[in-house]
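Asks: Just the structure for this:
(2 chains)
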2 protein chains.
Amino acid sequence: MALIVQKFGGTSVGTPERLRSVADRIARARAAGHRLVVVVSAMGHTTDELIELAQKVSQDPPRREMDMLLTAGERISMALLSMALVDRGVDALSFTGSQSGIITDESHRRARIKRILGDRVRAAIADHRVAIVAGFQGVSEKKEITTLGRGGSDTTAVALAAALGADLCEIYTDVDGVYSADPRVVPQAKLWRTISHDLMVEMATRGAGVLHPRSVEFAKRYKVPLCVRNSLNENEGTTVVTENNQETGMEDFKITGVTADSARVLVTVNLARPTVANSVCDRAAEAHLSMLALTFSGGRLQFFAEREAEMEWRKHLQDLAAHGFLESFEFHSDLVPLSVIGDRFSQDGAALSRVIETLAQCHISVTMGSTSALALTVAVPMTHADDGVKAIHARFF
Amino acid sequence: MALIVQKFGGTSVGTPERLRSVADRIARARAAGHRLVVVVSAMGHTTDELIELAQKVSQDPPRREMDMLLTAGERISMALLSMALVDRGVDALSFTGSQSGIITDESHRRARIKRILGDRVRAAIADHRVAIVAGFQGVSEKKEITTLGRGGSDTTAVALAAALGADLCEIYTDVDGVYSADPRVVPQAKLWRTISHDLMVEMATRGAGVLHPRSVEFAKRYKVPLCVRNSLNENEGTTVVTENNQETGMEDFKITGVTADSARVLVTVNLARPTVANSVCDRAAEAHLSMLALTFSGGRLQFFAEREAEMEWRKHLQDLAAHGFLESFEFHSDLVPLSVIGDRFSQDGAALSRVIETLAQCHISVTMGSTSALALTVAVPMTHADDGVKAIHARFF
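Replies: Below you'll find the model as predicted:
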């Protein structure tokens, strides 16, 4: 009788029909004898709709109130899922992040989980009930409602699995698993049956769209068996494993995937003097703002910021400029990151030039590039990102 | 510097535009130097939409999960209102029922407030902030989320006003106050500038639509100054007062209002023997189900139940029948209560017959009637209810 944490994303619970089909799947897992904790996101576009409402009433909504607002989303989906289960004769109880004891820091909208109490979830399982837990949300020590940021429900699921000592954490989504490229862009993209934690983090960080990077880091640190599956079929999906033992020979394929991420935007910061680069990085760390593919040379910082955090970034950078740390900064709205992820890939010194050459052949000019242990990232015009992904995939696979 | 509790209903916060106009009103009251606690309902039809969603995933949604679901509604409106206020430079903080310490009994969907802690609300006011509190919701001692039933936000507002020792509780709605009849049905209906607690309870219980009866009872018991005002204009509205000192002479007008309530339905219960009438009443009391205009004669109980509670009533009555208490029962979906409310009105022995006579003149047949100290109620066909209200209003005013 395994203890399984299942997570269903917004698309999987996007309509009453899909919600019922998720309930059917859970009922089957229950009938197979498993003990279940189910983490749900808000239905479909609920979160985006709530953000839109907020923008209609406020120019600059306070982060605390945004969290209060957004957490309504999972409250709705978890209560509905619980009802659908009871309707199928499956005893279920829903719990908010606060009721589940998901304790976070105070950083509204991008809070980090500090620990999980989980008493009521454990009691529900002990009572032979399915516990439905709101993803994405938690509560601070000061009893303020917080949210974990985009992809936060994945992190809720893995963190809960770790706290409860679950045998497996299944992340259900609307694709069959982790591909070598977005299958909507590259139809011949390869579905991986396994992928290592480290490469998965790189894929996720660079916009692969399945699994949030933090959730994979959690899974690695706490040794949570993790897999990605399609909520619409019974396929096996992709299992995240500790060692890189992808079924293809290591020498045949050094590349795991190619991604482009239009949710990020290139930022250039010209420092007043090279010694103050840390001022920008410190601000980002304090505010939990990510800096993808950071490069630093000649008094200039470049990195990819999350597009939706642009307003917040601008505030921080303006403030730093006012304090004399920066000369200027610029958001290149049209430039997005295109990344190639692979094991030992970037140890190949020629990798970056081969990528640039391939892109040049289809008239895509690269304005900056950065390599790390398991990935390289270049900036390409957003309108050419898909073409670039196709060309790179064709060249390396 | 008065402490005022203002309550805004679903229509008043139904769109981003209306929400902004409510924020303007609150900002003006704040600028006038008042300390404010604002109670909000869910936006417009949110609650009905959520109930509809529930019905799409479950035949018989558990009451606990319905409460979890429905409380998402006020969470959205209160966060939005708080944002809109901050946008206007008014420092505001929103609090859920649970965060406000609104402690209720365990009766999901019709919970009763046991006490209000209100620590965080008090702290917010002491900090010169506007506290926005979710109406309609609370939390039980077992930390389960509960809701107070239809009209619950009025009760939240008055109970909070009592707990905080507020100087005034203003209930904002989409009409100018309390009328002698629904002005949409009777355009010449009279707007009362004052009305007594006791008559207001009768009006509210019988479907006047403004103010929930329980909130008026609270206001009377805890001596909370209470008024009903229009959120769309600056009119004075109706003030609820302890003594009946309506501006018109007592001898001129003995009648306060005429109401019809299509949200109720006549129920007939034939008892197995007259001595078991209490079995039905006990069940209703336990389940917090109201029985309007209860009559009991010859082994037969008749009363008006809330239409939306019909499924629940049926379960209780079927159960009582199975235990041998009842012979049969019937829901007359077409028969709704038409009530006449007035001070010393029903002491006039001829009142019921005059009402029946007036209705008969417009071919409305009355199938049952009941009188109490301040009101009389008859059952009329739903399709003729408005005509009945018009005829009675014309006759008595």
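Asks: in the stretch 101-250 of chain A, what residue is nearest chain B?
Replies: Chain B sits closest to residue A:143 of the stretch 101-250 of chain A, with a gap of 6.8 Å, by C-beta to the nearest C-beta. For glycine as for every other residue, the C-beta is placed from the backbone atoms N, C-alpha and C.
Asks: tell me the contacts of that residue?
Replies: Neighbour list for residue A:143: A:98, B:99 [criterion: C-beta atoms under 8 Å, 6 or more residues apart in numbering or on different chains].
Asks: For residue B:80, see how far away it is.
Replies: Computed as C-beta to C-beta, to the nearest Å, the residue A:143 to residue B:80 distance reads 21 Å.
Asks: Can you tell me, leaving aside adjacent residues, what's nearest to residue A:271?
Replies: Spatial nearest neighbour of residue A:271, chain neighbours left out: residue A:299 (4.8 Å); criterion: C-beta to C-beta, 6 or more residues apart in numbering or on different chains.
Asks: Residue A:75 now?
Replies: Nearest non-adjacent residue to residue A:75, counting by C-beta to C-beta, 6+ apart: residue B:72, 4.3 Å away.
Asks: One more: residue A:310?
Replies: Of all residues not flanking residue A:310 in the chain, residue A:331 sits nearest, at 6.1 Å (C-beta to C-beta, 6+ apart).
Asks: give me the number of residues near that neighbour?
Replies: Number of residues near residue A:331 (other C-beta atoms under 10 Å in any protein chain shown) recorded here: 16.
Asks: Name the SS class of it, please.
Replies: The three-state label given to residue A:331 by DSSP: H, G, I helix; E, B strand; the rest coil is strand.
Asks: Just to check, it is in contact with residue A:264?
Replies: No - counting by C-beta atoms under 8 Å, residue A:331 does not reach residue A:264; the two are 11.1 Å apart.
Asks: Need the overlap of contacts for these two.
Replies: residue A:305.
Asks: picking that back up, how close does the residue nearest to residue A:310 sit to chain B?
Replies: Here the criterion is C-beta to the nearest C-beta, to the nearest Å. By it, residue A:331 lies 24 Å from chain B.
Asks: Identify the residues contacting that residue.
Replies: By C-beta under 8 Å, 6+ apart, the contact set of residue A:331 is A:265, A:266, A:267, A:305, A:310, A:313, A:314.
Asks: List the residues that contact the first one.
Replies: Read that as residue A:265. A:304, A:305, A:306, A:307, A:310, A:331, A:332, A:333, A:335, A:336.
Asks: do that again at 10 Å, thanks
Replies: For residue A:265, the contacting residues are A:303-310, A:313, A:331-337, A:379, A:382, by C-beta atoms under 10 Å, 6 or more residues apart in numbering or on different chains.
Asks: Filter the residues you listed down to just the ones in strands.
Replies: Applying DSSP state E to the contacts of residue A:265, the entries found in strands are A:303, A:304, A:305, A:306, A:331, A:332, A:335, A:336, A:337, A:379.
Asks: Test my guess that the last one contacts residue A:356.
Replies: No - Residue A:379 sits out of contact with residue A:356 when judged by C-beta atoms under 10 Å, with a separation of 11.1 Å.
Asks: Neighbour count for these two, which is higher?
Replies: More neighbours surround residue A:379 than the other of residue A:379 and residue A:356, with 23 against 16 (other C-beta under 10 Å).
Asks: State the pLDDT value of the closest residue to chain B within the stretch 201-350 of chain A.
Replies: Nearest to chain B, among the residues of the stretch 201-350 of chain A, is residue A:311, at 14.4 Å (C-beta to the nearest C-beta). Per-residue pLDDT puts residue A:311 at 91.
Asks: so what's the nearest residue to residue A:2 once chain neighbours are set aside up against?
Replies: Of all residues not flanking residue A:2 in the chain, residue A:167 sits nearest, at 4.2 Å (C-beta to C-beta, 6+ apart). By C-beta under 10 Å, 6+ apart, the residues touching residue A:167 are A:1, A:2, A:3, A:4, A:5, A:34, A:35, A:161, A:224, A:225.
Asks: Would you mind giving me the PyMOL syntax to select the buried ones in those residues?
Replies: This is how PyMOL selects the buried members of the contacts of residue A:167, with burial counted by 16 or more other C-beta atoms under 10 Å in any protein chain shown:
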select buried, chain A and resi 4+5+34+35+161+224+225
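Asks: need the contacts of residue A:167 in JSON lines with secondary structure, can you?
Replies: Converted to JSON lines, the contacts of residue A:167 look like this (three-state DSSP):
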{"residue": "A:1", "secondary structure": "coil"}
{"residue": "A:2", "secondary structure": "coil"}
{"residue": "A:3", "secondary structure": "strand"}
{"residue": "A:4", "secondary structure": "strand"}
{"residue": "A:5", "secondary structure": "strand"}
{"residue": "A:34", "secondary structure": "coil"}
{"residue": "A:35", "secondary structure": "strand"}
{"residue": "A:161", "secondary structure": "helix"}
{"residue": "A:224", "secondary structure": "coil"}
{"residue": "A:225", "secondary structure": "coil"}
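Asks: All the helices of the stretch 101-250 of chain A, residue numbers only.
Replies: Applying DSSP state H, counting those that start in this stretch to the stretch 101-250 of chain A gives helices spanning A:119-126, A:152-164, A:197-205, A:213-221.
Asks: Briefly note if the longest one comes near chain B.
Replies: No - figure legend: helix A:152-164 not in contact with chain B (C-beta under 10 Å from any C-beta of the partner chain); closest approach 16.4 Å.
Asks: Off-centre distance for that helix?
Replies: Helix A:152-164 sits 13 Å away from the centroid of its parent chain (C-alpha atoms, centre = their mean, to the nearest Å).
Asks: would you put the C-alpha positions of it in CSV?
Replies: Taking Å, rounded to 0.1, in the frame of the first residue of the first chain, the C-alpha atoms of helix A:152-164 are listed here in CSV:
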residue,chain,number,x,y,z
GLY,A,152,4.7,26.6,-7.0
SER,A,153,2.3,23.7,-7.0
ASP,A,154,5.0,21.3,-8.2
THR,A,155,7.1,22.4,-5.3
THR,A,156,4.2,21.9,-2.9
ALA,A,157,3.8,18.4,-4.2
VAL,A,158,7.5,17.4,-3.9
ALA,A,159,7.9,19.1,-0.5
LEU,A,160,4.8,17.3,0.8
ALA,A,161,6.1,14.0,-0.5
ALA,A,162,9.4,14.6,1.3
ALA,A,163,7.7,15.6,4.5
LEU,A,164,5.3,12.6,4.5
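Asks: how many degrees apart are that helix and helix A:197-205 in direction?
Replies: 150 degrees (axes from the mean of the first three to the mean of the last three C-alpha atoms, to 10 degrees).
Asks: and stretch A:366-384, how far out from the chain's middle?
Replies: The chain centre lies 19 Å from the centre of stretch A:366-384; the measure is C-alpha atoms, centre = their mean.
Asks: ok, for residue A:98, nearest residue in space, not its chain neighbours?
Replies: Nearest non-adjacent residue to residue A:98, counting by C-beta to C-beta, 6+ apart: residue A:139, 3.9 Å away.
Asks: so how many other residues sit close to that neighbour?
Replies: Using other C-beta under 10 Å, residue A:139 has 21 neighbouring residues.
Asks: Can you name the residues bridging to it?
Replies: Under DSSP bridges, the beta-bridge partners of residue A:139 are residue A:103, residue A:145.
Asks: ok, back up a step: what distance do you get for the residue nearest to residue A:310 to residue A:314?
Replies: Applying C-beta to C-beta, the value for residue A:331 to residue A:314 is 8 Å.
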